[in-house]
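A.B. asks: Sharing a sequence plus its predicted fold:
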Amino acid sequence: MKQLDPEMLARLQYQSYRIRWHTVDIARDHLKMHFGAVFSIAEMIVSLYFNWMRYDPKNPQWEERDRFVLSKGHAAPALYSALGEAGYYDLEELQTFRSLHSILQGHPCRVKTPGVEVSSGSLGTGIAAAVGIAIAGKLDKAAWRVYVILSDAECNEGSTWEAIQVASNHRLDNLVVLLDRNGTSASGPMANRNDIEPLRDKWQAFNWAVTEARGHDFQSIYEGLQWSETITGRPVVIICHTEKGRGMSVVKEHPEHNFMLKTEQYRRALTELENIEKELLVHVN
Amino acid sequence: MSIEALDVAKAFGEALVELGEKNPKVVIVEADLADSCCSDHFRDRFPERTIDVGVAEATAVAVSAGLAFSGKIPYVNTFAVFAAARTFDQVRQLVAYGRANVKICGSAAGLSLGYAGASHHSLEDIALMRSQPNMIVVSPSDAIETRQMVHAIAEIKGPVYLRLSRAKKPPIYDENYQLEIGKAVILKDGTDVALFATGDMVFEALKAAELLAGEGISAEVVNIHTIKPLDVDTIIRVAQKTRAIVTIEDHSIIGGLGGAIAECLGEHMPTPMRRIGLRDTFCESDSTNVLREAYGLAPHHIVDAAIEVMEMRTISLGIP
C-alpha cells in the first residue's frame, strides 16, 4: 500500500479542520446542527474529495467524474464545506445554508447544489440510488466509480439491505461504501438497542468485500480506498471506525444528535479551533 | 398484428420493445414481475438493458432514479399497488424531489386484480402520485392510447406515473388517433351532462352515454388521459356548457380524478358534480366486473349519477 506523502497529509488535515471550522462558523450560537455526524465523517469525506475522486468543480456534470453520494444526508455541512473548498461554488455560499433561496438546503438536494448527485436525507435511500448509478456505469462500461458515505444507523433501514443485496447481485465492483461506524444513532448508543452487529459478517454474507479502517486516520482510509480498487466482481465496504463529534470536545457535551451551541460553548469552540489551527502545517488553501 | 386484438397490458409490452429499438437510453427496471406486467418482451429483446432487482419495489424505484441521474430513461415496472404505495418514500425523495427522469409504470391498477383482494387493488395510486411536485400522471384508456403514451412519456424530461389497467375491451381509438399529453379528448359531444373518465373507465362512460341517450339525455364524454397537469381549460369549458358533471374512475374518489376535477372546478367554476369511484373503502375479492357492479362503478351507476346531478343542477341553479 502506498503511503501518504507528508505534504498531502498536511493538506488533508487542513481540509478536515476547515470542515469543522465552517460548520461552527455556519451554526455559531443560533443554528441547530448535526455536529456529531458532520465531524464523524470529516476525514472520510476529505479523503474522497482531496485525495481520491476525479471530478471537475468547473464542470460538475463532467461525464468521467467519480460519483459521490452522501447517504447520511444530515451530515450535509461536511459535504457543503468539501464542495466549497473544492471549488464548486464560492465559500460565501456556506453562510446561506438552509435559508430561503440558498443553493444549500438543510439536506442535500441535487437540483440546487452543484456537485450533489442525489437528494438525500431520508435514510437508506441514497445508497439505493447509488446502486442505480453504479449499474448505469456498468451498462456504459465507464471507468468512473461510485462512492457512498453511509451511516451505521442507516443499517437499521430495510431499504439499505435491499440495496446492498442488489449491488452484489449485479457484481458492482465500481461501488464503494464508506460506512461511518460511530456506534451512535439519534437516541444514543446502538449497542443492545438498535444493534447492527455482527456488521462485518452481515456485509460479507451479502457478498460484499469488506475491510475496516480507522475513520479519522487518513493513511488508514487511503489504504482502504487503495484496497477497494483491487476487488473485482463484488462491491466494497470500508467499515470506518469513527467517533461522533470527533475533534471538538465542546460538541461532545451535548447528548442530543441535533443541537445548537450556547454562546459560551460557541466561544470555546472557536478557541478549540484556534488551537487545532496552530498545529496545522498548512494554513491556507 | 392488429392492435384491435391486443389488450392494454400487451400493448404496453409491445410499445416498450418499439421504444427500446428507437432509443438506446431506455432501460427497464423490474421487481420480479416482468411476465405479469408484460415487459418480458423487452427483457427477451434487450436482456442487457433489463435490470431485475428482485422483489424489492422501493429499491427498483431508487435504482431507477440512480440510472436516470446517469442519463438513462428507466421505465420501472410493477403492479400499481406496489409502484405507488410501497415505494412512496423513494418516489418522493429521489424521483419527484430529485426530478429524476423516471417513468413509473403501475400495471393492473384499480380493481384490475379483482380476485387478488384488497392487498392488490390499487385505489390510491393517482392520489399519491398526484400529490408530488414535478410528477406527471397519465392514465390511458385503451391499447392504442397506451402504445402512444409509452412513446410520448419518453420525450418528457422528468418523472411520470403511467397508470395501466388490464382491460381487454374494444378499442376507443383507431390508428389515426394522435395523443397529446395534457390535452383532454372529447369523445362525444353532449349538452345535458358531462362524463369525465380516465383509464378503461372511459369505455364504461361511453356505454353509460349510450344508455343515457336512450333516455333522451345528451351526455358529453371526455377522456382525461392526463390527470396531472389537468386540462383546466377544457374542463371549465365543458362544465360551463353542461353545468352538471360526473367523474368516473377505477380509484378512490378521494384524491383521484374526481378529487382533481372537484379542486379545479371549485376554484374556477363551481359545478354540481357526482364522483363515481370507490367510496373510502377497501374491496373484497371477485372478478373486476363483479366488483365494479358491487361497488358502484358499472354503467348503470354512471347513468344514475348523471340523472342525480342533473336534478341537483335544477335545484341549486334553477337550470332544467
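C.D. replies: Received the coordinates, thanks. Numbers count the residues shown, from 1 in each chain, chains lettered A, B, ... in the order given.

A.B. asks: what's the neighbour count on residue A:210?
C.D. replies: Number of residues near residue A:210 (other C-beta atoms under 10 Å in any protein chain shown) recorded here: 20. For the C-beta atoms, the positions are set from N, CA and C on the backbone; glycine is no exception.

A.B. asks: again with residue A:43
C.D. replies: For residue A:43, the count of nearby residues is 27 (other C-beta under 10 Å).

A.B. asks: That one contacts residue A:221, doesn't it?
C.D. replies: Yes - look at residue A:43 against residue A:221 with C-beta atoms under 8 Å: they come within range, at 6.4 Å.

A.B. asks: Return every residue with contacts to both of these two.
C.D. replies: residue A:215 (C-beta atoms under 8 Å, 6 or more residues apart in numbering or on different chains).

A.B. asks: My understanding was that residue A:222 contacts residue A:4; is that so?
C.D. replies: Yes - with contact defined as C-beta under 8 Å, residue A:222 counts as touching residue A:4 (5.6 Å).

A.B. asks: Show me the helices in the chain, by range?
C.D. replies: No chain in the question, so chain A it is. A:6-27, A:35-40, A:42-51, A:76-86, A:126-139, A:158-169, A:199-205, A:218-228, A:263-279 (DSSP state H).

A.B. asks: look at chain B instead
C.D. replies: Counting by DSSP H, chain B has helices at residues B:8-22, B:34-37, B:40-45, B:57-69, B:80-81, B:88-90, B:125-130, B:143-154, B:201-214, B:232-242, B:257-268, B:288-294, B:299-317.

A.B. asks: Give me whichever of the ones you listed is most buried.
C.D. replies: helix B:57-69 (a mean of 31; mean count of other C-beta atoms under 10 Å in any protein chain shown).

A.B. asks: between that one and helix A:158-169, how many degrees?
C.D. replies: Angle, helix B:57-69 to helix A:158-169, by axes from the mean of the first three to the mean of the last three C-alpha atoms, to 10 degrees: 60 degrees.

A.B. asks: quick one: helix B:57-69 to helix A:126-139, angle?
C.D. replies: On the basis of the same axes, to 10 degrees, helix B:57-69 is oriented at 50 degrees to helix A:126-139.

A.B. asks: what's the helix or strand bottoming out on mean pLDDT in chain B packed up against?
C.D. replies: Here the helix or strand of chain B ranked lowest by mean pLDDT, DSSP states H and E is helix B:34-37, holding a mean of 87. On a contact count with 3 or more C-beta pairs under 8 Å, 6 or more residues apart in numbering or on different chains; DSSP states H and E, helix B:34-37 meets helix B:8-22, helix B:40-45, strand B:73-79, strand B:103-107.

A.B. asks: What's the per-residue pLDDT of the closest residue to chain A within the stretch 51-200 of chain B here?
C.D. replies: Closest approach between the stretch 51-200 of chain B and chain A, counting by C-beta to the nearest C-beta: residue B:66, at 2.1 Å. What the model reports as pLDDT for residue B:66 is 98.

A.B. asks: Distance to residue B:172 added to the helices of chain B, as a markdown table?
C.D. replies: A markdown table is the format used below for those (distance: least, C-beta to C-beta, whole Å):
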| stretch | distance to residue B:172 |
| --- | --- |
| helix B:8-22 | 11 |
| helix B:34-37 | 22 |
| helix B:40-45 | 23 |
| helix B:57-69 | 30 |
| helix B:80-81 | 20 |
| helix B:88-90 | 31 |
| helix B:125-130 | 20 |
| helix B:143-154 | 7 |
| helix B:201-214 | 6 |
| helix B:232-242 | 17 |
| helix B:257-268 | 16 |
| helix B:288-294 | 18 |
| helix B:299-317 | 15 |
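
A.B. asks: which stretch among the helices and strands packed on helix B:34-37 comes nearest residue A:150?
C.D. replies: strand B:73-79 (22.8 Å; C-beta to C-beta).

A.B. asks: near chain B, which residues of chain A?
C.D. replies: A:67, A:109-111, A:117-122, A:125, A:128-137, A:139-140, A:159, A:162-163, A:165-166, A:169-170 (C-beta under 8 Å from any C-beta of the partner chain).

A.B. asks: sorry, back to before: what does the least confident helix or strand of chain B contact?
C.D. replies: Under C-beta under 8 Å, 6+ apart, the answer for helix B:34-37 is B:9, B:12-13, B:28, B:30, B:40, B:42-43, B:50, B:52, B:77-79, B:105, B:107-108.

A.B. asks: restrict these to those near chain A?
C.D. replies: Here nothing survives when those are matched to chain A using C-beta under 8 Å from any C-beta.

A.B. asks: State the pair within these that is farthest apart.
C.D. replies: It's B:50 and B:108 that sit farthest apart of the contacts of helix B:34-37, by C-beta to C-beta, at 19.6 Å.

A.B. asks: which of the two has more neighbours?
C.D. replies: A direct count of neighbours by other C-beta under 10 Å for residue B:50 and residue B:108 places residue B:108 higher, at 26 against 19.

A.B. asks: How about the contacts made by the more buried one?
C.D. replies: Residue B:108 sits next to B:9, B:36-37, B:79-81, B:120, B:122, B:164-166 when contact means C-beta under 8 Å, 6+ apart.

A.B. asks: Kindly recompute the last result at 6 Å.
C.D. replies: By C-beta atoms under 6 Å, 6 or more residues apart in numbering or on different chains, the contact list for residue B:108 reads B:79, B:166.

A.B. asks: low-confidence ranges in the chain?
C.D. replies: If you meant another chain, say so; for now it's chain A. Applying pLDDT under 70 to chain A flags the ranges A:284-285.

A.B. asks: wait, chain B
C.D. replies: For chain B, the stretches with pLDDT under 70 are B:1-6.

A.B. asks: same thing but 80
C.D. replies: Judged against pLDDT under 80, the low-scoring parts of chain B cover residues B:1-6, B:167, B:317-320.

A.B. asks: Break it down into its structural domains.
C.D. replies: Domain ranges of chain B: B:3-163, B:185-317, per automatic domain parsing.
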